[in-house]
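Engineer: Fold the following, please.
(3 chains)
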Amino acid sequence: MAGAERALAFHLDRTLGCGQVFHWRREGDAWIGAIGNEPVRVEQRGERLTVTAGAEHVVRDYFALDHPLDEIYASFPRDDAMCAAVEFCHGLRIVRQPAWECLATFITSAMKQVAHIAQISHTLRERYGAEVAPGIFSYPSPARLAALSEADLRECKLGFRAKNLLGAARMVASGEVDLDHAAALGDDEARAELCRLPGVGEKVANCALLFGFGRLAAFPIDVWIERVLRDLYFRRKRNVTARRLREFSASYFGPYGGYAQQYLFHHARLTWSR
DNA sequence: TGGCAGGGGTTGA
DNA sequence: TCAACCCCTGCC
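Structural biologist: Next up, the predicted model:
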């Protein structure tokens, strides 16, 4: 069954290297990291994901092997940019990150490049997470971070983001913002709830919704995606407002807009010269 | 080796 | 609409 086989399509390097998650480490052909508190080692063999350490069902859920890629690709608009992105990114999957670590990581990502976001994530894990296997650390809980001082977090090279992460951790730890409750809300209500946290605006909230809450229609617009939209979809049109870009992306890319966004983003970031 | 520009965002005026 | 917030990376 070509369809069933294709639905299993999976590309580990693209999935972990596309800027949706930052703490995985390459070791030879394998990738090593933690899924929550589960230490995991995975490899690509053919089109398949192979688990060499960690619970199989945890890994398969995290890497979203049940996402219907065929159906997702078929839902995309058939324009040149989208087709090129699908060809370039085939097998890339939006993973299911634990909500808090996803949200917190994107709070620390503001105006940062991938290398630095990864460095911050590793420092926070090593200093305040739990060592779940030799050299592998979980992301610190809201309560753990809430007990720290802003100075502690600034020592992790967070800069002005320290205050935001601390404030968010305290609001989540105290129950003032309940992530489980947010997970039960509709997309717009959940986004509004997340935006109550310091350091969380529309972009960070949409990243959290897409990568941490499984809302596959969420469409984060960062500077790269804004360039893509303006260059490929609004060519020769000046004065296109941010609001217009939001409205366009929400309707044009369909129910799996988050996938479309990640494919356009990854394709552009690796192929466009600046 | 050192100096400098610029960066995946949010906030508040 | 725009400056301020911080400081690390990459490039010259």
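Engineer: Enumerate the residues of the stretch 151-274 of chain A near DNA strand C.
Structural biologist: Proximity of the stretch 151-274 of chain A to DNA strand C, by C-beta under 7 Å from any atom of the strand, involves residues A:154, A:157, A:159-160, A:163, A:241. C-beta here means a position set from N, CA and C on the backbone, and glycine is covered the same way.
Engineer: Stretch A:15-22 vs DNA strand C: in contact?
Structural biologist: No. Counting by C-beta under 7 Å from any atom of the strand, DNA strand C has no neighbours in stretch A:15-22; the shortest distance is 12.7 Å.
Engineer: rewinding a little: so which of the residues of the stretch 151-274 of chain A next to DNA strand C also contact DNA strand B?
Structural biologist: residue A:160.
Engineer: can you tell me which two in the residues of the stretch 151-274 of chain A next to DNA strand C are farthest apart?
Structural biologist: Pairwise distances across those (C-beta to C-beta) peak at 35.7 Å, for the pair A:154 and A:241.
Engineer: When the two are compared, which one has more neighbours?
Structural biologist: A direct count of neighbours by other C-beta atoms under 10 Å for residue A:154 and residue A:241 places residue A:154 higher, at 15 against 8.
Engineer: can you tell me which residues contact the closest residue to DNA strand B within the stretch 101-250 of chain A?
Structural biologist: Nearest to DNA strand B in the stretch 101-250 of chain A, going by C-beta to the nearest atom of the strand, is residue A:201, at a distance of 2.7 Å. Remark: with contacts taken as C-beta atoms under 8 Å, 6 or more residues apart in numbering, residue A:201 is in contact with residue A:195.
Engineer: So for the longest strand seen in chain A, what gets flagged as buried?
Structural biologist: Longest strand of chain A, by residue count under DSSP state E: strand A:38-45. Residues A:38-42, A:44 are the ones in strand A:38-45 that count as buried (16 or more other C-beta atoms under 10 Å).
Engineer: cool, stretch A:152-170 as well?
Structural biologist: By neighbour count with 16+ other C-beta under 10 Å, stretch A:152-170 contains the buried residues A:153, A:156, A:158, A:161-162, A:164-170.
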